[in-house]
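>>> sequence first, predicted model second:
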Amino acid sequence: MNPLTLLAQLGRMVLVTLAEVGRASIFAWSAITHIFRPPYYPRELAISLLQIGWLSLPVVGMTAIFTGGALALQIYSGGARFDAEAVVPQIVAIGIVRELGPVLVGLMIAARVTSSIAAEIATMKVTEQIDALVTLSTNPMQYLVAPRVLAALITVPLLVGIGDIIGIAGGYTVSVQSLGFNSATYLKNTVDFLEPLDIISSLVKGTVFGGISAVMGCYFGMNSGRGAQGVGRATKGSVEAAAVLILAANFLLTGVFFSV
Amino acid sequence: MIQLENVQKAFGNNRVLRGMTLEIKSGTSMVIIGGSGTGKSVALKCILGLIQPDSGKILVDGKDASTGDRDAFLAKFGMLFQGGALFDSLPVWQNVAFRLLRGSLKRPQAEAREIAIEKLRRVGLKAEVADLFPAELSGGMQKRVGLARAIAADPEIIFFDEPTTGLDPIMAGVINELIREIVVEMGATAMTITHDMTSVRAIADNIAMLHDGVIQWTGPVSKMDDSGDPYLDQFINGRAEGPIEAVR
């Protein structure tokens, strides 16, 4: 292949990607500003709080408890190589709160919530329900997007906090029940070792990841193509974009909070 | 009155509307006919502002549709969508009373529900339907609910997008009759898009044929059969031979 053709194709891909990033950024800004603009839709917000927050609790809890338990086992067996088994409580706490809690909850929310938002809004688009909203003098950004984004901004950090506690509890259970740790010492070490910044970073990450998840779901849903294929593409694209953005944002936020 | 003056709209290289000019007088029922993909729905969406035309003017009651208070503008309209476009997550009565439960036309919930049930009765549905969800209704019932929603706020202008598509002939006849009755009773201006010639004869005061992005012929429905226009003749008689290519 002609190198110039290859270069042109590469250039086109970059331009298309940049244009998409630009559109998504404008959409995200618009979504956030619509949260503060009346009219407000409390019923839609309540439904979103329930869907995104409450109904995500089981999956978040299960993810956290197994991760916490597995982490304790890994640290114990890994630490045994250099006689550092005793650090299990500290490393489980720091690993869960700073990193695994927010990231895994974020990814679970991307899988559960982003896909559901994208599929629902995309179906509304292909069945002309979004057009119907407009003709009924209702702004879809205010009625559909703002409540979902606000609900995610409120509930995902809470889910992260709960996930952190359950994850630590998972590590505690495995350590006390299987690895012979003393219960009181384990808890004391966990509490003493964690710093406020660890918890703050966890909750900030949760807020950002929640925003990313909801905005990506809404963006891909609102820009869905026609038919079942369009809905499928929107759903797939939303989860891919949300997952990648969550991991990228996690890297950046970790740098901001903990770079030495 | 709705006026479209030289309205043009293209999607990429596809020039859908190439200078559409049309006038719909207040209180009359205009039916726009034309082959699939000729831009009938695009024209309708341009009037509502769901799609921005590339050029040309759209006036509603003499005022430019693209300027002014959007809420007040949309409050004049009711629309029946082709597939109903009912909101799956809301029960039937909340679909019908959607506009009455929020925004500038907001009423107390009990009153909105009462109006919704009255509108459902007007389109031949029982009050028990009010608490069902759209997925629990047949296609004909969904159309009726869509019609009830379109007339819920007593709009001045009602748009009907393919109102009988997908319905059996009897149900199509029922919907046609309802549309005619409601439009006459409310004194509303109606604009309907359809391929169904039975609908055209039942609903229309005037018809306009859209072909190649422009209005090919317009006039009263009574003159449709003797128009002398080869395009209109071919279309209303459903002939494969004629100036309109059968394979587009």
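Here it is on my side, so go on. Residues are numbered from 1 along each chain as shown, chains lettered A, B, ... in the order given.

>>> could you use CA atoms for every contact and neighbour count after this?
Fine.

>>> in chain B, where is pLDDT below threshold?
Applying pLDDT under 70 to chain B flags the ranges B:246-248.

>>> which residue is nearest the centroid of chain A?
A:G106 (2.4 Å; Cα atoms, centre = their mean).

>>> identify the residue spatially nearest to that one, adjacent ones excluded.
Excluding the flanking residues, the one nearest A:G106 by Cα to Cα, 6 or more residues apart in numbering or on different chains is A:F209, at 5.5 Å.

>>> so the one you found, which of the three states?
helix (DSSP: H, G, I helix; E, B strand; the rest coil).

>>> state the distance from the residue nearest to the centre of chain A to chain B.
26 Å (Cα to the nearest Cα, to the nearest Å).

>>> the longest helix seen in chain B packs against which elements?
The longest helix of chain B (DSSP state H) is helix B:169-186. Packed against helix B:169-186 by the contact rule (3 or more Cα pairs under 8 Å, 6 or more residues apart in numbering or on different chains; DSSP states H and E) you find helix B:139-151, helix B:197-203.

>>> buried stuff in stretch A:245-260?
Using 16 or more other Cα atoms under 10 Å in any protein chain shown as the test for burial, stretch A:245-260 gives A:245-247, A:249-250, A:253-254.

>>> actually stretch A:12-29, sorry about that
For stretch A:12-29, burial by neighbour count (16+ other Cα under 10 Å) applies to A:24, A:27-28.

>>> dump those into CSV; add distance to B:I32 as well.
Below are the buried residues of stretch A:12-29 laid out as CSV (distance: Cα to Cα, whole Å):
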residue, distance to B:I32
A:A24, 37
A:F27, 36
A:A28, 39
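
>>> so which of the residues you listed sit within helices?
Using DSSP H, the buried residues of stretch A:12-29 in helices are A:24, A:27-28.

>>> which residue is the nearest non-sequential neighbour of the residue of chain A found nearest chain B?
Here chain A gets closest to chain B at one residue, A:Q129, 4.7 Å apart by Cα to the nearest Cα. Excluding the flanking residues, the one nearest A:Q129 by Cα to Cα, 6+ apart is B:A85, at 4.7 Å.

>>> check contacts around that neighbour.
When contacts are counted by Cα atoms under 8 Å, 6 or more residues apart in numbering or on different chains, B:A85 touches A:127-129, A:132, B:146.

>>> residues contacting stretch B:7-14, please?
B:15-21, B:52-58.

>>> buried among these? Make that a PyMOL selection.
Listed next is the PyMOL selection for buried residues among the contacts of stretch B:7-14, using 16+ other Cα under 10 Å:
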select buried, chain B and resi 16+17+18+19+20+21+53+57+58
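
>>> wait, which of the contacts of stretch B:7-14 is closest to chain A?
Using Cα to the nearest Cα, the contacts of stretch B:7-14 come closest to chain A at B:Q52, 13.5 Å.

>>> find the nearest non-adjacent residue to that closest one, please.
Once flanking residues are discounted, B:Q52 sits nearest to B:C46: 5.8 Å by Cα to Cα, 6+ apart.

>>> next step: the buried residues of stretch A:245-260 restricted to helices.
A:245-247, A:249-250, A:253-254.

>>> please tabulate the buried residues of stretch A:12-29 in a markdown table, including the columns pLDDT and distance to chain B.
Compiled in a markdown table, the buried residues of stretch A:12-29 are given as follows (pLDDT from 0 to 100; distance: Cα to the nearest Cα, whole Å):
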| residue | pLDDT | distance to chain B |
| --- | --- | --- |
| A:A24 | 94 | 20 |
| A:F27 | 96 | 18 |
| A:A28 | 96 | 21 |
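
>>> out of these, which is nearest to B:L120?
A:F27 (37.8 Å; Cα to Cα).

>>> now the closest one, nearest residue through space, not along the chain?
In space, A:F27 comes closest to A:Y219 once its chain neighbours are excluded; the distance is 6.8 Å by Cα to Cα, 6+ apart.

>>> helix or strand for B:K9, which one?
strand B:2-11 (DSSP states H and E).

>>> partners of the helix or strand following that strand in the sheet?
Counting by DSSP H and E, the element after strand B:2-11 in chain order, helix or strand, is strand B:14-24. Next to strand B:14-24 in the sheet, as set by DSSP bridges, lie strand B:2-11 (antiparallel).

>>> how about the helices in chain B?
In chain B, the helices defined using DSSP H lie at B:40-48, B:70-75, B:92-96, B:109-122, B:139-151, B:169-186, B:197-203, B:230-237.

>>> turn these into CSV, including distance to A:L197.
Formatted as CSV, these follow (distance: least, Cα to Cα, whole Å):
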stretch, distance to A:L197
helix B:40-48, 52
helix B:70-75, 47
helix B:92-96, 47
helix B:109-122, 48
helix B:139-151, 53
helix B:169-186, 65
helix B:197-203, 69
helix B:230-237, 73
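
>>> quick one, which of those gets closest to A:G101.
helix B:92-96 (40.3 Å).

>>> how about the closest one against chain A, any contact?
No - using Cα under 8 Å from any Cα of the partner chain, no contact is recorded between helix B:92-96 and chain A, whose separation bottoms out at 10.4 Å.

>>> starting at the chain centroid, how far to that helix?
19 Å (Cα atoms, centre = their mean, to the nearest Å).

>>> which elements pack onto that helix?
Checking 3+ Cα pairs under 8 Å, 6+ apart, helix B:92-96 ends up next to helix B:109-122, helix B:139-151.

>>> can you do 6 Å?
Contacting helix B:92-96 under the criterion 3 or more Cα pairs under 6 Å, 6 or more residues apart in numbering or on different chains; DSSP states H and E is no other helix or strand.
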